[in-house]
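**Q** Provided below are the primary sequence and the corresponding predicted coordinates.
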Amino acid sequence: MDIRLMKFLRKPNFFGANDIKPWHHFLFWSVYFIFNTFRWSFIHDNFLLSLHTNIIGFPIHMFLAYLNAYYLMPKFIYNKKYIQYTLFIIAALILMLLVKFNLTYCLVSKDVMPESSEIIDRLTIGFAVQSMIGEVYVISFFTAIKLTVDWIRESSKLHDLEKRQLKTELRFLRSQVSPHFFFNTLNNIYSLTLEKSDQAPEVILKLSELMRYLLYATKKQRQDLTSEINCIRNYIDLERIRFDDSLKIDMNISGDLTNCKIPPMLLIPLIENCFKHGANKNIGEMKIKIDVKVEDGFMDFKVSNSIPLVNTEYVYPVKRGGIGLSNVKKRLELGYDKNDYELKIFEKDKMFNVVLKLKVV
């Protein structure tokens, strides 16, 4: 049993839950009493006899059922004290057997077992076995219902908790963009202002737009794909400032982006990795190619960057659990069904490639 469910069931709550009222218990026992009374009246062919025996028997049923479900099981079973539980339940059954026999004998009939072929006016093994089996049946039936209700309620609570945790985690993942990018951009702006460059106002504007997108877009579960593409453009333009003509960026967009939705900041980590693990470590010509194609409700996104030449044994960070790609993987797993996306990562022709096919409508 789930440890969280066991802890929950141990809580002292006689009626089981705030959403289970006393009248639910009353309704259950009333229906069970009526059913059992009519059932035994057909067996005995005596309605009054069945009514009287059930009036005596049902308080015993209820006492044992509540004793087991709300005291014995939480105290012994959930704490793995099985021997103590067994001894207590046997003692309770024996006690209730004596009470039932004497009440039936004194108040209803000298024949305590009318379904038998002979008159039973004493405590026999047959009467004891049949009575105990009946009590065990009622106890098991009631306990099974209680455990089922508790499990459903606890599962609902866990589901709600997981949803809240999921929203929190997705919000955190959406907001993850390397702080180094902002530090580098601010340093570039500082250098441009010292040089009194005409680029400074434009760079500040693009950084402002990007930060505004980060602040407000991450509050949404889905964002317009066009807004995400504009964010990528601003990001690329800001990164261009750091590199000279050795950086070649080719970006192609095709298809109808209208009404296409995508989790905000999902693609930025893929672009960021190209600069963080590609351009920053490359001493030769650096190429980045970005292709976005929307067709039949799916977006095909491909980003490629040339593998750095500074170290021939360079291994792309994703193989060591790079933050950017692991971020994207986690968000896809949390936010999409398996049939709604496909992520491929591979090297080909001295280029590192990330290909994402994603449902966008």
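**A** Received it, and whenever you're ready, just let me know what you need. Numbers count the residues shown, from 1 in each chain.
**Q** where along the stretch 201-350 of the chain do the helices fall?
**A** Assignment of helices within the stretch 201-350 of the chain using DSSP state H, counting those that start in this stretch yields the ranges 225-240, 268-276, 323-335.
**Q** Show me what secondary structure element comes after the helix or strand harbouring Ile89.
**A** Element membership for Ile89 (DSSP states H and E) is helix 82-103. As assigned by DSSP H and E, the chain's next helix or strand after helix 82-103 is helix 125-174.
**Q** and that following helix, how far out from the chain's middle?
**A** Centroid separation between helix 125-174 and its chain, computed with Cα atoms, centre = their mean, to the nearest Å, is 17 Å.
**Q** So which elements touch it?
**A** helix 3-9, helix 47-67, helix 82-103, helix 323-335 (3 or more Cβ pairs under 8 Å, 6 or more residues apart in numbering; DSSP states H and E). All C-beta spots, glycine's among them, are computed from the backbone N, C-alpha and C.
**Q** Just list what the last one packs against, helices and strands only.
**A** Using 3+ Cβ pairs under 8 Å, 6+ apart as the contact criterion, the elements in contact with helix 323-335 are helix 125-174, helix 268-276, strand 341-348, strand 351-359.
**Q** now, of the ones you listed, which is deepest in the fold?
**A** Comparing those by mean neighbour count (mean count of other Cβ atoms under 10 Å), helix 268-276 ranks first with a mean of 23.
**Q** residues touching the residue lying closest to Thr104 once chain neighbours are set aside, list them.
**A** Closest residue to Thr104 apart from its sequence neighbours, by Cβ to Cβ, 6 or more residues apart in numbering: Val112 at 4.7 Å. Neighbouring residues of Val112 by Cβ atoms under 8 Å, 6 or more residues apart in numbering: Phe101, Thr104, Tyr105, Ile120, Asp121, Phe127.
**Q** out of the helices and strands packed on helix 125-174, nearest to Leu194?
**A** Closest to Leu194 of the helices and strands packed on helix 125-174 is helix 323-335 (Cβ to Cβ; 31.4 Å).
**Q** Show me the shaky parts of the stretch 101-250 of the chain.
**A** 114-117, 166-167, 169-181, 217-218, 244-245 (pLDDT under 70).
**Q** give me every residue that touches Gly134.
**A** Gly57.
**Q** swap in Ile89?
**A** Ile89 neighbours (Cβ under 8 Å, 6+ apart): Asn68, Leu72.
**Q** Would you quantify the distance from it to Val138?
**A** 13 Å (Cβ to Cβ, to the nearest Å).
**Q** now Thr148
**A** 16 Å.
**Q** surely Leu225 meets Cys260?
**A** Yes - Leu225 lies in contact with Cys260 (Cβ atoms under 8 Å); the separation is 3.9 Å.
**Q** Which residues are in contact with each of those two?
**A** Residues touching both Leu225 and Cys260 (Cβ under 8 Å, 6+ apart): Val294, Met299, Val360.
**Q** Of these, which is the nearest to Ile56?
**A** Nearest to Ile56 among the shared contacts of Leu225 and Cys260 is Val360, at 69.0 Å by Cβ to Cβ.
**Q** Neighbours of the closest one, how many?
**A** Using other Cβ atoms under 10 Å, Val360 is surrounded by 20 other residues.
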